[in-house]
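J.: pasting a predicted model and its sequence here:
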Amino acid sequence: MMNNHPVDIVIATQRLTRILSGAYDGGAGGTFNASLNRTISGGGLQIKGGLQWAPIPELRIGWMAAMPSYLVYLSEESTASQQVAPPSGVPQFQATQVDDLSGTWTGAEHGLTRLGAAYLGHWGWIELDLIVGFPLQSPRFDIDWHTTANVRVGGVVRVTERLKLGAGFFTDFSPEDTPSDFGETQVDFYGFTLGIDFANREAPPGRGDEGFYLAFAVALRYSHGKGQLAGLSFPTTFPDPPSLPGTSNLVDVRINEYGINLAVKASF
């Protein structure tokens, strides 16, 4: 069966605020300040399609592919300023402002393909997905992504007609290369989810039926990430000749994320 929506309209927005300032010896040894405020928005499209096959009633196999999403116009508003005051000499100040609307063909999201299989039984279901993201280069958005492959494995067990338990495992590998600009990250995540779904009756009441239906689901999510963050290191004295100090410095990072999702449904 083909996908019923082969073309999606894409709206993209990027906002960036960066402030860097400091002083040597309380300012007696020189000061520096740099700020950047940027907002870029645009609209475009993405083409995708897929197939689904059921060789037996209990088994579902699906495949889909999506091209990268491309923006056909961009609106940019940005201001940037930089001030350097050396210990001796004249302070230096620079500033730029951009307010531009233009046509373009700029990639905003990478293309991907997804292959999945699910088995359904009276006891519940189990599913396996493989998602491959393709490379994308887009200098306007500072995007330089390589190929990634991630997996999703999950299932639900029907304990009773009113109680279900679920669990899943996932990976979320970063498409970024080694970070080169301040604030960029390259972190690969692994994680799992545990959940429970309970209802006071098997199904909501139909038209004309009496009774109250209440169902709730709770899912706990944990992920662990390991990778690098691009920071800045500064010299012990103000640079000579005067310039904005700071050189890129890679820092190893570990990230632990915890989350909880809650859903409630009621009908009567």
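T.: Okay, I see it.
J.: which residues of the stretch 1-150 of the chain fall in strands?
T.: 7-23, 31-53, 59-66, 69-85, 92-109, 112-121, 124-133, 136-138, 143-145, 148-158 (DSSP state E, counting those that start in this stretch).
J.: and of the ones you listed, who's closest to Pro179?
T.: Closest of those to Pro179 is strand 143-145, at 10.7 Å (criterion: Cβ to Cβ). C-beta: built from backbone N, CA, C; applies to glycine.
J.: so for the closest one, mean pLDDT?
T.: What strand 143-145 shows for mean pLDDT is 90.
J.: and the residue lying closest to Asn200 once chain neighbours are set aside, how far from Phe170?
T.: Nearest residue to Asn200, sequence neighbours excluded (Cβ to Cβ, 6 or more residues apart in numbering): Leu214, at 5.0 Å. To Phe170, Leu214 is 30 Å away according to Cβ to Cβ, to the nearest Å.
J.: if we can go back for a sec, among the strands of the stretch 1-150 of the chain, which comes closest to Phe192?
T.: Per Cβ to Cβ, nearest to Phe192 of these: strand 148-158, 9.2 Å.
J.: quick check: next helix or strand after the closest one?
T.: Next along the chain after strand 148-158, taking DSSP states H and E as the criterion, comes strand 163-172.
J.: show me what that next one is packed against.
T.: strand 148-158, strand 185-199, strand 213-233 (3 or more Cβ pairs under 8 Å, 6 or more residues apart in numbering; DSSP states H and E).
J.: cutoff 10 Å now
T.: Other helices and strands packing on strand 163-172, by 3 or more Cβ pairs under 10 Å, 6 or more residues apart in numbering; DSSP states H and E, are strand 124-133, strand 148-158, strand 185-199, strand 213-233.
J.: any chance of those in a markdown table with distance to Gly27 as columns?
T.: A markdown table is the format used below for the helices and strands packed on strand 163-172 (distance: least, Cβ to Cβ, whole Å):
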| stretch | distance to Gly27 |
| --- | --- |
| strand 124-133 | 47 |
| strand 148-158 | 46 |
| strand 185-199 | 32 |
| strand 213-233 | 19 |
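J.: thinking again about what came up before, Leu214 and Phe170: which is more packed in?
T.: Comparing Leu214 with Phe170 by other Cβ atoms under 10 Å, the one with more neighbours is Phe170, at 18 against 14.
J.: bridged to that one, which residues?
T.: Beta bridges link Phe170 to Arg152, Gly191, judged by DSSP bridges.
J.: got a list of what Thr113 touches?
T.: 48, 50, 63-66, 130-134 (Cβ atoms under 10 Å, 6 or more residues apart in numbering).
J.: kindly state the pLDDT recorded for it?
T.: 96.
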